[in-house]
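A.B. asks: pasting the sequence and the predicted coordinates here, then a few questions.
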Amino acid sequence: MFTLTMHPASEGDCLQLTWGNTQSPHHAIIDLGRTKNYQALAPRLRGLPNVELLVISHIDADHIEGAVPMVKEASAPFIPADVWYNGYHHLEAAAKRRESKLRKLSPAQAEKLSNGILKFDWPWNRAFGASGIASVDTPLDAPLLLEGGLKITLLSPGDAELAALEPVWARELADANLRPFDPDDPKPDAPAGLHTLSTLNVASLAAQPFKPDRTAPNGSSIAFLAEYGDRVALLGADAFPNVIERSLRALGYSETNRLKIDLFKISHHGSQRNTSPSLLKMLDCTRFAISTDGSKHSHPDAQAIARILVNDTVRPKALYFNFEQPHAKTWQTQEIEQEFSCVCVFPSNKELGLAIEV
């Protein structure tokens with residue numbers, strides 16, 4: 001058993017990896033979406049056994065906001081064996097890699113999730129040794145193995161991406177409502193941007209120049225490979241494609257020695273700035289997962305999906321969506337299925353999200 005569940009998470013991510021035997025499976029929870037998403041999911045998470053890992057990939061509100069009501073609870077809803085999350089002191093240490101005591105966080109640097117991790121006395125980045133920095137540049141004595149046999153290979157971030165977030169940390173906390181003195185009520189939703197395409201010229205969309213994401217919070221995203229048995233999933237968070245490429249090349253992969261993966265949860269909800277043609281050329285993959293309701297940023301971008309389709313026009317492919325929304329439905333056509341051998345998969349129950357067997 002090895003599944004990825006994309007829970008309903010508005011325009012963000014709330015993912016759950018499950019592996020092992022069906023009687024007593026193990027779990028990793030990656031991000032918690034918006035406040036309302038966590039509140040809807042909380043009854044299913046409360047008391048969940050064998051939570052081997054909780055990952056909060058970065059400080060964008062659509063990934064971290066749901067963690068705020070969680071850590072405000074009187075007691076922890078579940079007990080993770082480790083929490084992967086880079087707070088300000090990790091950014092500072094990544095920038096300096098110094099061997100000295102890290103100073104106490106000032107009010108401008110502290111935030112609600114770090115305070116909650118300390119409140120619950122959860123292990124924090126324990127897998128990354130003495131430095132505690134969840135970074136590909138942290139030396140490890142052994143592979144990252146979770147209880148139950150799940151192997152994880154970190155692909156993002158590196159120290160450079162964490163250091164880039166440090167100077168703008170306070171501003172980004174304010175944008176995400178994460179400072180201790182910010183109200184816990186989430187900021188009002190911006191108007192949804194559901195502008196769909198009337199026609200699809202896949203070749204033209206795919207040929208548009210790739211312009212990479214440059215936002216510091218996305219660059220700090222924790223992205224990784226998860227392997228169980230002979231199955232491999234790549235969970236991209238909002239990571240930069242060039243950072244993932246850099247890590248894959250360091251592992252020996254290239255355009256002529258592609259990494260075979262069984263499922264790619266693509267980065268940044270299908271943003272055209274986070275799925276590059278060069279990354280796709282390094283992957284041997286025919287199944288792609290996209291987590292978004294299409295609000296706020298009109299994801300997935302047509303250019304990103306077009307790049308996936310033209311990268312491999314022959315083999316059967318599947319696009320998995322956790323919302324049956326206009327930007328996803330636009331790809332469910334007979335023409336797309338016939339020309340690119342691609343099918344779209346949507347949840348049968350929109351309240352439960354979509355569970356995918358890796």
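C.D. replies: That came through, no problem. Being a predicted model, the structure only gives us computed values, none of them experimental. Numbers count the residues shown, from 1 in each chain.
A.B. asks: not counting its neighbours along the chain, what's nearest residue 24?
C.D. replies: residue 50 (6.6 Å; Cβ to Cβ, 6 or more residues apart in numbering). From N, CA and C alone the C-beta is placed, and that goes for glycine too.
A.B. asks: can you check residue 76 too?
C.D. replies: Using Cβ to Cβ, 6+ apart, the closest residue to residue 76 is residue 120 (4.4 Å).
A.B. asks: need the phi and psi values for the one you found.
C.D. replies: When read as degrees, to the nearest 10, the backbone of residue 120 gives phi -80, psi -10.
A.B. asks: around it, count how many other residues there are.
C.D. replies: 18 (other Cβ atoms under 10 Å).
A.B. asks: ok, it - contacts?
C.D. replies: For residue 120, the contacting residues are 71, 75, 76, by Cβ atoms under 8 Å, 6 or more residues apart in numbering.
A.B. asks: what segments of the stretch 251-358 of the chain are helices?
C.D. replies: Secondary structure of the stretch 251-358 of the chain (DSSP state H, counting those that start in this stretch): helices at 277-281, 302-311, 326-329, 334-340.
A.B. asks: export these to JSON lines and append columns for mean neighbour count.
C.D. replies: As requested, the helices of the stretch 251-358 of the chain are exported to JSON lines (neighbours: other Cβ atoms under 10 Å):
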{"stretch": "helix 277-281", "mean neighbour count": "17"}
{"stretch": "helix 302-311", "mean neighbour count": "23"}
{"stretch": "helix 326-329", "mean neighbour count": "20"}
{"stretch": "helix 334-340", "mean neighbour count": "13"}
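A.B. asks: now these as a markdown table including mean pLDDT?
C.D. replies: Listed next are these as a markdown table, based on pLDDT from 0 to 100:
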| stretch | mean pLDDT |
| --- | --- |
| helix 277-281 | 98 |
| helix 302-311 | 97 |
| helix 326-329 | 95 |
| helix 334-340 | 94 |
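A.B. asks: how about a markdown table for the ones you listed, with distance to residue 62 added?
C.D. replies: A markdown table is the format used below for the helices of the stretch 251-358 of the chain (distance: least, Cβ to Cβ, whole Å):
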| stretch | distance to residue 62 |
| --- | --- |
| helix 277-281 | 22 |
| helix 302-311 | 17 |
| helix 326-329 | 15 |
| helix 334-340 | 27 |
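A.B. asks: quick one: low-confidence parts of the chain?
C.D. replies: 97-110, 187-199 (pLDDT under 70).
A.B. asks: in it, which residue is most central in space?
C.D. replies: Taking Cα atoms, centre = their mean, the centroid of the chain lies closest to residue 237, which sits 2.1 Å from it.
A.B. asks: who are the contact partners of that one?
C.D. replies: Residue 237 neighbours (Cβ under 8 Å, 6+ apart): 13, 30, 31, 57, 58, 63, 156, 221, 222, 223, 267, 268.
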